[in-house]
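# need a 3D model of the following:
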Amino acid sequence: MPTKLSVNINKFATLRNSRGGNNPDVTKAAMDCQRFGADGVTVHPRPDERHIRYNDVREIKIINPKASGIEFNIEGNSREQKFVDLVLEVKPDQVTLVPDELNQLTSDHGWDTIKHREYLREIIPVFQKAGIRVSIFVDPVVEMVEGAAKTGTDRIELYTEEYSRQFAKGNRNAITQYVAAAKKAKELGLGLNAGHDLDLHNLKYFKQNIPWLDEVSIGHALICDAIYLGFENAIQMYKRQLAE
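Residues are numbered from 1 along each chain as shown. Modelled structure (predicted):
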């Protein structure tokens, strides 16, 4: 199966919220992701609603039925009960659990799947029983992947910021630890997603080295490119980087 592209539309909400009103229209942006060829839409609501608002999530679900062929992924911190309640209400195709702290600017580390194993073993079935696929954010460390497999999660999402930073410096060996983690995930029967700072420069190399990758979630870089290239063109350019 080809690697799917899920577009994180948080930045549309950030721009809208900077002026008030409804421009750009976040719900329309979600619809246009589908129209322009994306395989999924990702949102990451936070408690202060500084970008995606909880009601945005509800509205996107209404206009984004599974029958449309595009998946809906909600990222967030499951230690916030408000987030858990929202996900169970909306019932997206996938929930991605991240270990964010309150008011954290952006996700910057994966779960310690050994330290937090019991917690994850308790919270993951809460979503699975509602028919929601669960992915958890994990650093590219084999031991963390092994720990993830013991939590009952369906997938992991490899946190790719360090790869992206090193790739920009010309260090392609940075992929090594990601390949090792990805191989371990495959060996253990875990689905594999990836995200954070992937862009048009580093995405193809990442996919070439991990061809069994299920999904990438990309927001900031894609929206920045869209400012110059246009939204539809940017989505298509990212899709081409994932082509076999």
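# contact partners of the helix or strand of the chain with the lowest mean pLDDT?
Within the chain, no helix or strand scores below helix 54-63, which has a mean of 89 by mean pLDDT, DSSP states H and E. Around helix 54-63, the neighbours that count as contacts under CB atoms under 8 Å, 6 or more residues apart in numbering are 13, 26-27, 30-31, 41, 43, 45, 72, 74, 82, 86, 89-92. (Glycine included, C-beta is placed from N, CA and C.)
# ok, which pair from the residues you listed is furthest apart?
When the contacts of helix 54-63 are compared pair by pair using CB to CB, the two farthest from each other are 31 and 82, 25.7 Å apart.
# neighbour count for the two, which is higher?
Comparing residue 31 with residue 82 by other CB atoms under 10 Å, the one with more neighbours is residue 31, at 16 against 12.
# how would you label the residue nearest the centre of the chain: helix, strand or coil?
Of all residues in the chain, the one closest to the mean position by CA atoms, centre = their mean is residue 217, 4.0 Å from it. Per DSSP: H, G, I helix; E, B strand; the rest coil, the local secondary structure of residue 217 is strand.
# so who does it touch?
Listed by CB under 8 Å, 6+ apart, the contact set of residue 217 reads 6, 7, 8, 40, 42, 73, 75, 96, 157, 193, 194, 195.
# ok, now with 7 Å
Residue 217 is in contact with 6, 8, 42, 73, 193, 195, counting by CB atoms under 7 Å, 6 or more residues apart in numbering.
# show me those residues that map onto helices.
For the contacts of residue 217, not one is inside helices, with DSSP state H as the criterion.
# nearest to residue 50 among those residues?
residue 8 (14.6 Å).
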